[in-house]
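Undergrad: Predicted model follows, preceded by the sequence.
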Amino acid sequence: MKVERTLVVLKPDTIWRSISGEIISRFERAGLHIVGIKMLRPDKDFLHHHYETIGQMISRRGQKPFDVTIELMTKNPVIAMVLEWVAAIEFVRKLVGSTEPKTAAPGTIRGDYAHMSFGYADTANIGVPNLVHASWNAEEAEAEIKHRFSERELYSYKPSHHEFTR
């Protein structure tokens, strides 16, 4: 296993609920470290690049899910961060939990802080407030990080816990 970087975005519902610090703490307590972080309010073009050009959401799920996601993602600012550690992509996905909050396991971020189902969101014609975006794989992580951060905004340093992992 190797040290990896992954993108995590705390979505507008996280900001609205004022639980950003709690969620960031969970990643840090799990041993991941932040190498870049910022708050921003992405516009529709920026989000189109993220969700369709990189994530191919329209191609995979259709226009309606894309539209309600964009509407949700423009309601409040977001916090984007790049986390780093051994097998970070897979580890972050495990910490975050299933994309559908209703099926996310207790102990995961979505399982502990969200509960809405895809069915309810579809019926209500809203995006699923699932708190966090996390990259799916290495290729997506690399593209998403480059889309949101310049090299100057990312930092390399050796956290103290690295001393115990040689």
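TA: The structure has been received and is ready for your questions. Numbers count the residues shown, from 1 in each chain.
Undergrad: right, and residue 140 touches residue 53 too?
TA: No: applying C-beta atoms under 8 Å as the test, residue 140 and residue 53 come out as separate, 11.2 Å apart. Placement of C-beta: from N, CA and C, glycine included.
Undergrad: Which one's more surrounded, the two?
TA: residue 140 (17 against 12; other C-beta atoms under 10 Å).
Undergrad: Excluding chain neighbours, what is closest to the more buried one?
TA: Closest residue to residue 140 apart from its sequence neighbours, by C-beta to C-beta, 6 or more residues apart in numbering: residue 54 at 6.3 Å.
Undergrad: where do the strands sit along the protein?
TA: Remark: strands assigned in the chain by DSSP state E are 3-10, 33-40, 78-86, 132-134.
Undergrad: which one is residue 81 nearest to, not counting chain neighbours?
TA: Closest to residue 81 by C-beta to C-beta, 6+ apart is residue 37, at 4.1 Å.
Undergrad: who's in contact with residue 108?
TA: 94, 95, 96, 97, 98 (C-beta atoms under 8 Å, 6 or more residues apart in numbering).
Undergrad: returning to what we had before: ok, the residue nearest to residue 140 to residue 89 distance?
TA: Distance, residue 54 to residue 89, using C-beta to C-beta, to the nearest Å: 14 Å.
Undergrad: so where's the protein uncertain?
TA: 160-166 (pLDDT under 70).
Undergrad: swap the cut-off to 90 and go again
TA: Applying pLDDT under 90 to the chain flags the ranges 1-2, 44-75, 115-119, 121-129, 156-166.
Undergrad: What is the neighbour count of the residue nearest to residue 140?
TA: Residue 54: 19 neighbours (other C-beta under 10 Å).
Undergrad: Now that it has come up, it's in contact with residue 141, right?
TA: No: Residue 54 sits out of contact with residue 141 when judged by C-beta under 8 Å, with a separation of 9.9 Å.
Undergrad: Just give me the residue closest to the centre of this structure.
TA: The geometric centre of the chain, computed from its C-alpha atoms, lies nearest to residue 133 (C-alpha atoms, centre = their mean), at 2.3 Å.
Undergrad: can you pull the contacts of that residue?
TA: Applying C-beta under 8 Å, 6+ apart, the residues contacting residue 133 are 7, 8, 9, 11.
Undergrad: show me where the protein has helices.
TA: Assigned by DSSP state H, the helices in the chain fall at 12-17, 20-29, 44-48, 57-61, 63-73, 88-96, 109-113, 118-124, 138-148.
Undergrad: Out of these, flag the one nearest residue 157.
TA: helix 20-29 (13.7 Å; C-beta to C-beta).
Undergrad: which helices and strands sit right next to the closest one?
TA: strand 3-10, strand 33-40, strand 78-86, helix 88-96, helix 109-113 (3 or more C-beta pairs under 8 Å, 6 or more residues apart in numbering; DSSP states H and E).
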